[in-house]
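Undergrad: Below are the sequence and a predicted model; questions follow.
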Amino acid sequence: MKRKKLEKIGVLTSGGDAPGMNAAIRAVTRAAISNKLKVVGIRHGYQGMIDGDFVPLRTRDVSGILHRGGTVLKTARSMEFRTEAGREKAYQNLKKEGIDACVVIGGDGSFTGALIFSQEYDIPFVGIPGTIDNDMYGTDYTIGYDTALNTVVEAVDKIRHTAASHDRLFFIEVMGREAGLLALSAGIAVGAEAILIPEAKILEKELDQFLKKGYKEKDRSGIVIVAEGGETGRVIKIAKAVEDNYPNLDVRVSILGHIQRGGKPSARDRIAATKMGVAAVEALLDDQKSIMIGLVKNFIVDHVPFNKAVKLNHSIDEDLIHIQSIINI
Ligand SMILES: Nc1ncnc2c1ncn2[C@@H]1O[C@H](COP(=O)(O)OP(=O)(O)OP(=O)(O)O)[C@@H](O)[C@H]1O
Ligand SMILES: O=P(O)(O)OC[C@H]1O[C@](O)(CO)[C@@H](O)[C@@H]1O
Ligand SMILES: [Mg+2]
């Protein structure tokens, strides 16, 4: 059955923010307006649907945001949207506002919420993957990853200066909830002496090798990149264990933390976000629902059903693991 003709769409950001979300909001707004649709910004993620926190978005309202980090619509992790009562309130508000469909920019949790909501109510959702972790199944890219990667590399390069000056061994924690791609890529980009990520136990032997032979050399410092793996501060335990075994080493720990989520989006993130924003509106106009926009094989747009995007795991790039084990001798 053909759906009601679209007249007004809502756009929201949900879950952790990521650089490039503003570029996506701008692209969704402008693509919708180009197609004669009205656009409403929903503030504070799903909580804004429940609270009726809506703002009209016109072409000029999204001027000057392309290059800004964070999200001008703000974001949230809404517990109330996980309840039937919360989603009922959200539906009533969307109806009252005349919103026919939504674009949600976020991660797996946000798409799970959208899937459940659109099974209960007849409002189609299309998702744009936005997370620095780049861990969504069905897309080679998520908005924010490139900017975060460059932030990590810049920070670690700086730490390398002080590590080298003092002949110290640094353990540096990189973000990534249960996902080590950011850590692995950053480790390769900075030439880390070892990289510890949840997906590749095989790389753990690099640290042993480095400690046993490499580090005995005079004038040697080192960088070990550790993925957070859903447990902020995991790096402290790891560094402590090494310190206990090698008391002569001068060990330091650095947790990069939320600096990795901030900053101006890179050109790559702006372009990816713009491409996905336009594709999301085109998908809604094409009667699609409950799909995530993916970018695959050199940034070609793809449509991935929500139930696959949220259930299946994004596998780690085996090629990068191979490269690291070859290069790190
Ligand atoms: N099972 C669910 N039912 C209803 N809503 C959900 C469900 N899971 C998540 N949501 C909604 O989606 C929001 C965002 O999810 P979550 O906090 O997991 O972040 P995310 O989108 O996975 O992003 P990231 O992991 O990158 O921070 C939640 O706060 C909640 O409002
Ligand atoms: O800012 P919060 O809510 O503590 O979330 C931190 C998590 O969000 C992310 O930055 C993005 O999903 C993860 O890498 C990290 O584990
Ligand atoms: Mg998530």
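TA: Received, thanks. Numbers count the residues shown, from 1 in each chain. Ligands and ions are numbered 1, 2, ... in the order given.

Undergrad: can we go C-alpha only for contacts and neighbour counts from here?
TA: OK.

Undergrad: so what's Arg87 up against?
TA: Ile50, Glu80, Phe81, Phe117 (C-alpha atoms under 8 Å, 6 or more residues apart in numbering).

Undergrad: In ChimeraX, select just the buried ones from those residues.
TA: Buried residues within the contacts of Arg87, by 16 or more other C-alpha atoms under 10 Å, are selected in ChimeraX with:
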select :50,81,117
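
Undergrad: Scan the chain for its longest helix.
TA: helix 145-166 (DSSP state H).

Undergrad: tell me the mean pLDDT over that helix?
TA: What helix 145-166 shows for mean pLDDT is 97.

Undergrad: Past that helix, which element shows up next along the chain?
TA: Later in the chain than helix 145-166, the nearest helix or strand by DSSP states H and E is strand 169-174.

Undergrad: Sheet partners, orientation included, of that following strand?
TA: strand 222-227 (parallel), strand 251-255 (parallel) (DSSP bridges).

Undergrad: Could you name the stretch from those strands that's closest to ligand 2?
TA: When the strands paired with strand 169-174 are compared by C-alpha to the nearest ligand atom, strand 222-227 sits nearest ligand 2, at 9.2 Å.

Undergrad: Whichever helix or strand comes after that closest one close to ligand 2?
TA: The first helix or strand that comes after strand 222-227 along the chain, using DSSP H and E, is helix 234-245. No: using C-alpha under 6 Å from any ligand atom, we find that helix 234-245 stays clear of ligand 2, coming within 11.7 Å at best.

Undergrad: before we move on, what about stretch 19-33?
TA: No: applying C-alpha under 6 Å from any ligand atom, one finds stretch 19-33 separated from ligand 2 by no less than 11.1 Å.

Undergrad: near ligand 1, anything from that stretch?
TA: No: for a cut-off given as C-alpha under 6 Å from any ligand atom, stretch 19-33 has no contacts with ligand 1; the smallest distance is 11.6 Å.

Undergrad: Just checking the distance from that stretch to the centre of its chain.
TA: 17 Å (C-alpha atoms, centre = their mean, to the nearest Å).

Undergrad: what's the answer for stretch 141-155, then?
TA: Taking mean C-alpha positions (C-alpha atoms, centre = their mean), stretch 141-155 and its chain are 9 Å apart.

Undergrad: on that earlier part again, can you tell me which of the strands paired with strand 169-174 is most buried?
TA: The highest mean neighbour count among those, using mean count of other C-alpha atoms under 10 Å, belongs to strand 222-227: a mean of 25.

Undergrad: Looking at stretch 313-323 now, give me its mean pLDDT.
TA: Rounded mean pLDDT across stretch 313-323 is 87.

Undergrad: Just the buried residues of that stretch, please?
TA: So, applying 16+ other C-alpha under 10 Å, buried residues of stretch 313-323: His314, Ile316, Ile321.

Undergrad: Strand 169-174 and the longest helix of the chain, what's the angle between them?
TA: 170 degrees (axes from the mean of the first three to the mean of the last three C-alpha atoms, to 10 degrees).

Undergrad: Contacts for helix 145-166 next, please.
TA: Under C-alpha under 8 Å, 6+ apart, the answer for helix 145-166 is 18-19, 131-134, 169-170, 172, 174, 182, 185-186, 189-190, 219-223, 256, 259-266, 268-269.

Undergrad: same question, stretch 316-329
TA: Contacts for stretch 316-329 (C-alpha under 8 Å, 6+ apart): Gly180, Leu181, Leu184, Ser185, Ile188, Glu193, Ala194, Glu199, Ala200, Leu203, Glu206.

Undergrad: Of all the strands paired with strand 169-174, which one is nearest ligand 1?
TA: With C-alpha to the nearest ligand atom as the measure, strand 222-227 is the member of those nearest ligand 1 (15.2 Å).

Undergrad: pLDDT (mean, whole number) over the closest one?
TA: Strand 222-227 comes out at a mean pLDDT of 96.

Undergrad: orientation of it relative to helix 234-245 in degrees?
TA: Angle between the axes of strand 222-227 and helix 234-245 is 140 degrees (criterion: the same axes, to 10 degrees).

Undergrad: Use 18 as the first number for this chain going forward.
TA: Noted, 18 is the first residue going forward, which turns the last one into strand 239-244.

Undergrad: quick one: is strand 239-244 near ligand 2?
TA: No: Strand 239-244 stays clear of ligand 2 (C-alpha under 6 Å from any ligand atom), getting no nearer than 9.2 Å.

Undergrad: could you show me where the strands are in the stretch 18-167 of the chain, in order?
TA: Secondary structure of the stretch 18-167 of the chain (DSSP state E, counting those that start in this stretch): strands located at 25-30, 55-59, 71-74, 118-123, 142-146.
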